[in-house]
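> structure, please.
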Amino acid sequence: MRILIVTTKQPSTNPRMRKAADALANAGHRVHVLYAFNAAWASNADQDILESCKWTFEQVGGTILKQAVTFSRLRRK
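So this is what the prediction gives:
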């Protein structure tokens, strides 16, 4: 079974999401996580977590670090 998890937090700041993704992946499911940028410090911690995870992942919505402008950020400004 393929499972998509969408979260507004980064993996390093969301241990419940990581626990669920790990459990589902260990049970044999294909898990993909979409997460959003929240803090620069968490990006460094994310690298360690994402290197060893059994699920795939993708950061969406841009980051302050990359200066990406998205519709949601533009609307907030």
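> all strands of this structure, in order?
Read by DSSP state E, the chain holds these strands, from start to end of the chain: 2-6, 30-36, 56-60.
> and the first one, which strands flank it?
To tie it back to what came earlier, the one meant is strand 2-6. strand 30-36 (parallel) (DSSP bridges).
> for A20, give me its contacts.
With contacts defined as CB atoms under 8 Å, 6 or more residues apart in numbering, the neighbours of A20 are I5. The C-beta positions use only the backbone N, C-alpha and C, and glycine is treated the same way.
> do you know the pLDDT at it?
Reported pLDDT at A20 in the predicted model: 98.
> how close does the residue most central in space within the chain get to G28?
In the chain, the centroid-proximal residue (CA atoms, centre = their mean) is Y35; its distance is 3.0 Å. With the distance defined as CB to CB, to the nearest Å, Y35 ends up 22 Å from G28.
> same deal with R2?
As judged by CB to CB, R2 and G28 stand 11 Å apart.
> lowest-confidence helix or strand of the chain?
Counting by mean pLDDT, DSSP states H and E, the chain has its least confident helix or strand at helix 71-76, which shows a mean of 52.
> look up how far M1 lies from the nearest residue to the residue nearest to the centre of the chain once chain neighbours are set aside.
In space, Y35 comes closest to T7 once its chain neighbours are excluded; the distance is 5.1 Å by CB to CB, 6 or more residues apart in numbering. When distance is defined by CB to CB, T7 is 19 Å away from M1.
> ok, these two, which is more surrounded?
When T7 is set against M1 and neighbours are counted by other CB atoms under 10 Å, the residue ahead is T7, at 17 against 8.
> right, and the more buried one touches H32 too?
No - if you go by CB atoms under 8 Å, T7 and H32 don't touch, sitting 11.7 Å apart.
> so where's this structure shaky on pLDDT?
Counting by pLDDT under 70, the chain has low-confidence residues at 63-77.
> the same query, at a cut-off of 50, please.
Scanning the chain for pLDDT under 50 picks out no residues.
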